[in-house]
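>>> what follows is a predicted protein model with its sequence.
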Amino acid sequence: MTTTSETSAASLAATPVPAGGPRRPGSLGPVGLVLAGGISVQFGAALAVTLMPRAGALGVVALRLTAAAVVLLVVCRPRLRGHSRADWGTVVAFGVTMAAMNGLFYQAVDRIPLGTAVTLEVLGPLALSVLASRRALNLVWAGLALAGVFLLGGGGFAGLDLWGVAFALGAGAMWAAYIVFSARTGRRFPQADGLALAMAVGALLFLPLGVAESGAKLTDPVTLGLGAAVALLSSVLPYTLELLALRRLPASTFAILMSLEPAIAATAGLLVLGQSLTLPETAAIALVVAASMGAVRTQTGRGKTAVPES
């Protein structure tokens, strides 16, 4: 969420939202905010791809994490004292996971189309949802996702860079881990303080890697400006929009909207990068999106059954 966006799970963990209920007439507002956040994330990723010839994949990640960390630290002003060793261990693990997720994802989009990378990446959260549910119906969603992956790879990924595929799948695994650590961080730190601190940890980890790869290129004013734009589009703006939306939007609806990320990424790849999709690739993305939505709805239905309303 990428990338799938790296703020969506933290927003869910840190913000109280209604458990469900009928949609209100004004619900189009928060839905629009979430969609705008998803569009911002994926067009930010597309902009990052155009920046890679200037700064390299590691350099782009370093710029994005550093700029986002500065903004979040200034806005949130998290308290550094009064936290236990377990609190700091959680936020450090969250930051390491975030850094790995971003690094692997940008290595992937440097080698394979954006829509393809996000489609493979979303398999991580999808697998987490299926494993957590244990319902037989989730085997259907897993089968749909596998069919989508088969179509995407043309039966063997012969047309795709295998390293790019591996990096995207690795990013998906880190995304699943990110969701777990994000929830733990949200329980231990108020508001977005944990996210700001974790972003700082990720920036500190990646800044030496970015400098080693790109050196003085990172100080170029144009590169710095584009890096700040990537951070704004991919981290700061989506987080703000999602935070506002989650005050009025059920978490289940939010998660379903997040399942649209591969389709949004494919659109951004087409419009910004000229990465057109074949008919099988389009069908593959549709299958993975349908599988993600189905898994979320199944998980939501299970939660409603297990916890009756009082």
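Good, I have the coordinates.
>>> Ala192 reaches Leu72, doesn't it?
Yes - if you go by C-beta atoms under 8 Å, Ala192 and Leu72 touch, sitting 6.7 Å apart. All C-beta atoms are positioned from the backbone trio N, CA, C, and that covers glycine.
>>> what's the overlap in contacts for those two?
Common contact partners of Ala192 and Leu72 (C-beta atoms under 8 Å, 6 or more residues apart in numbering): Tyr239.
>>> can you give me the strands for this protein?
Using DSSP state E, no strands are found in the chain.
>>> among the helices and strands of it, which has the poorest mean pLDDT?
Lowest on mean pLDDT, DSSP states H and E among the helices and strands of the chain sits helix 8-14, with a mean of 43.
>>> gap between Gly172 and Ala283?
For Gly172, the distance to Ala283 equals 20 Å [C-beta to C-beta, to the nearest Å].
>>> who has more neighbours, these two?
Between Gly172 and Ala283, Gly172 has the larger neighbour count (other C-beta atoms under 10 Å), namely 29 against 15.
>>> got the CA positions of stretch 178-198 in CSV?
Extracted C-alpha coordinates of stretch 178-198, given in CSV (Å, rounded to 0.1, in the frame of the first residue of the first chain):
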residue,chain,number,x,y,z
TYR,A,178,3.4,-4.2,9.1
ILE,A,179,-0.3,-4.7,9.8
VAL,A,180,0.5,-6.7,12.9
PHE,A,181,3.1,-4.3,14.3
SER,A,182,1.0,-1.3,13.3
ALA,A,183,-1.8,-2.6,15.5
ARG,A,184,0.5,-3.2,18.4
THR,A,185,2.0,0.3,18.0
GLY,A,186,-1.4,1.8,17.9
ARG,A,187,-2.3,0.2,21.2
ARG,A,188,0.9,1.4,22.9
PHE,A,189,1.1,5.0,21.6
PRO,A,190,-1.5,7.7,21.4
GLN,A,191,-2.8,9.2,18.1
ALA,A,192,-0.1,8.9,15.4
ASP,A,193,2.9,9.2,17.8
GLY,A,194,4.0,5.6,17.2
LEU,A,195,3.8,6.1,13.4
ALA,A,196,5.9,9.2,13.6
LEU,A,197,8.6,7.5,15.7
ALA,A,198,8.5,4.4,13.5
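>>> in it, what's buried?
For stretch 178-198, burial by neighbour count (16 or more other C-beta atoms under 10 Å) applies to 178-179, 181-186, 188-189, 192-198.
>>> what about those, which are in helices?
Among these, DSSP state H puts 178-179, 181-186, 188, 193-198 in helices.
>>> which parts of stretch 42-58 are buried?
By 16+ other C-beta under 10 Å, the buried positions in stretch 42-58 come out as 42-49, 51-52, 54-58.
>>> ok, now stretch 276-289?
Residues of stretch 276-289 classed as buried: Leu277, Glu281, Thr282, Ala284, Ile285, Ala286, Leu287, Val288, Val289 (neighbour count, 16+ other C-beta under 10 Å).
>>> swap in stretch 75-88?
Across stretch 75-88, burial judged by 16+ other C-beta under 10 Å covers Cys76, Pro78, His83, Asp87.
>>> what about the second one, distance to Phe206?
Think Pro78. From Pro78 to Phe206 the distance is 20 Å (C-beta to C-beta).
>>> over to the last one?
Distance of Asp87 to Phe206, computed by C-beta to C-beta: 23 Å.
>>> can you point me to the longest helix in this protein?
Assigned via DSSP H, the chain shows its longest helix as helix 28-76.
>>> packing partners of that one?
Contact partners of helix 28-76 among helices and strands, from 3 or more C-beta pairs under 8 Å, 6 or more residues apart in numbering; DSSP states H and E: helix 85-109, helix 114-121, helix 193-214, helix 221-231, helix 237-245, helix 251-258, helix 261-273.
>>> which of those comes out lowest on mean pLDDT?
Per-stretch mean pLDDT for those is lowest at helix 251-258 (a mean of 65).
>>> leaving out sequence neighbours, find the closest residue to Arg188.
Leaving aside its sequence neighbours, Arg188 sits nearest to Asp87 (C-beta to C-beta, 6 or more residues apart in numbering; 4.9 Å).
>>> repeat that for Leu139.
Val130 (7.9 Å).
>>> what's the pLDDT at that neighbour?
pLDDT, Val130: 70.
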